[in-house]
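Trainee: Following is a predicted model, sequence given first.
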Amino acid sequence: MSDASPAWDPRQYNRFEAQRGRAALDLLVRLPEDLDPAEIWDLGCGAGQHAALLKRRHPKAKVHGMDSSIAMLEQARALSADVDWSVGDITTWAPDRPADLILANASLQWLADHAALFAHLADALAPAGLLAVQMPMAWETRHHTIMRETATEGPWASLLAGVDTIAPLLPVEAYYEALAPRCDDIDIWTTTYLHVLSGEDAVLEWMKGTALRPYLTALAADPTLRDDFLSALGQQLSRAFPRRPEGTTLLPFPRLFLVAQRR
Ligand SMILES: C[S@@+](CC[C@H](N)C(=O)[O-])C[C@H]1O[C@@H](n2cnc3c(N)ncnc32)[C@H](O)[C@@H]1O
């Protein structure tokens, strides 16, 4: 992903930090308690909270946080001076020293060719190094289906026809296949969270922080059309995910987790 890609807005993304952060913590809790890594990489580190957490947990380790978004990295730099932050692209990333721990939380779902990508990440690990990944299984969800359908059904359809958004993940077995030639102890699981969101148009607001960014970028030159698209999508989402009497909105959200150890 280059700087020409739709901009990340840390403020919008972090509106739902509690829900988004929960999955990363559920992933990190699966790492061995006696882990003593020297080189840690957080790939697609975003606003940096997990790299900073790993630095607190492993103070002797060299912790690197890498992301393609300058806006996200600005937040990360403000969070911790003890992490080595850098701009980069996961697909071409090659560390100077093999990594003892690679974390990629909610970043790889944006990238293509996962079979090659996961092999590439495993190749960057030191012997016994760990790869820890969490990816939203967003493509199959109801709110993503509604987003794609709405994009094809209105005066915005021609502008949104070629928009490149999150692709479906591979079947879980394919991740095992990609890692098995290089790794042992491959642990893959999925969990569906029931996110309890607050605020008006909660699902739309949730999507503005991530999945909708490419669509909104494609409509940026025509703010009226963009607002009409958002309004139509908001109505569809409100029907599918009604706000409850106490003001919350429930959003079921499946995620894939993976921890693998390099041979
Ligand atoms: C959904 S955010 C997750 C951020 C963080 N890992 C977290 O858990 O809060 C996805 C991040 O991946 C980054 N990203 C996407 N594609 C990337 C790429 N090819 N190389 C580096 N970073 C990338 C984005 O800039 C964004 O900060």
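Mentor: Looks like it arrived, so ask away.
Trainee: all helices of this protein, in order?
Mentor: Taking DSSP state H as the test, the helices found in the chain are 10-13, 17-28, 49-57, 70-79, 114-123, 142-152, 157-160, 172-179, 202-208, 213-218, 223-240.
Trainee: Out of these, flag the one nearest the ligand.
Mentor: When the helices of the chain are compared by C-beta to the nearest ligand atom, helix 70-79 sits nearest the ligand, at 4.1 Å. (Each C-beta comes from the backbone N, C-alpha and C, glycine too.)
Trainee: Next, the angle from that closest one to helix 49-57.
Mentor: Computed by axes from the mean of the first three to the mean of the last three C-alpha atoms, to 10 degrees, the angle separating helix 70-79 from helix 49-57 equals 30 degrees.
Trainee: Begin at 56 from now on, thanks
Mentor: Okay, using 56 as the starting number, the last item reads as helix 125-134.
Trainee: With the ligand in mind, check whether helix 125-134 reaches it.
Mentor: Yes - with C-beta under 6 Å from any ligand atom as the measure, helix 125-134 is seen reaching the ligand through residue 127.
Trainee: what is the rounded mean pLDDT of that helix?
Mentor: Mean pLDDT, helix 125-134: 96.
Trainee: just stretch 310-318 next, same as before
Mentor: Average pLDDT, stretch 310-318: 98.
Trainee: count of residues packed around the closest residue to the ligand within the chain?
Mentor: Scanning the chain for the residue nearest the ligand gives residue 101, at 2.4 Å (criterion: C-beta to the nearest ligand atom). Counted with other C-beta atoms under 10 Å, the neighbours of residue 101 add up to 25.
Trainee: Assess the claim that it and residue 127 are in contact.
Mentor: Yes - counting by C-beta atoms under 8 Å, residue 101 does reach residue 127; the two are 4.8 Å apart.
Trainee: thinking again about what came up before, could you look over the helices of the chain and pick the most buried one?
Mentor: helix 257-263 (a mean of 23; mean count of other C-beta atoms under 10 Å).
Trainee: one step back: compare the mean pLDDT across the helices of the chain and name the weakest.
Mentor: For those, the weakest mean pLDDT is recorded on helix 65-68, namely a mean of 68.
Trainee: So the residue at minimal distance from the centre of the chain versus residue 128, what's the distance?
Mentor: By C-alpha atoms, centre = their mean, the chain has its centre lying nearest to residue 161, at 2.0 Å. To residue 128, residue 161 is 16 Å away according to C-beta to C-beta, to the nearest Å.
Trainee: How about residue 216?
Mentor: Counting by C-beta to C-beta, the gap from residue 216 to residue 128 is 32 Å.
Trainee: One more: residue 199?
Mentor: For residue 199 relative to residue 128 (C-beta to C-beta), the value is 27 Å.
Trainee: picking up where we left off before, need the phi and psi values for the residue nearest to the centre of the chain.
Mentor: Phi and psi for residue 161, reported as degrees, to the nearest 10, are phi 60, psi 30.
Trainee: Surely it touches residue 99?
Mentor: Yes - in terms of C-beta under 8 Å, residue 161 counts as a neighbour of residue 99; the distance is 7.3 Å.
Trainee: Enumerate the residues of the protein near the ligand.
Mentor: Residues of the chain lying near the ligand (C-beta under 6 Å from any ligand atom): 56, 63, 75, 79, 99-101, 105, 122-124, 127, 144-146, 160-162, 165-166, 265.
Trainee: what's the nearest residue to residue 281 if we skip its chain neighbours?
Mentor: residue 274 (3.8 Å; C-beta to C-beta, 6 or more residues apart in numbering).
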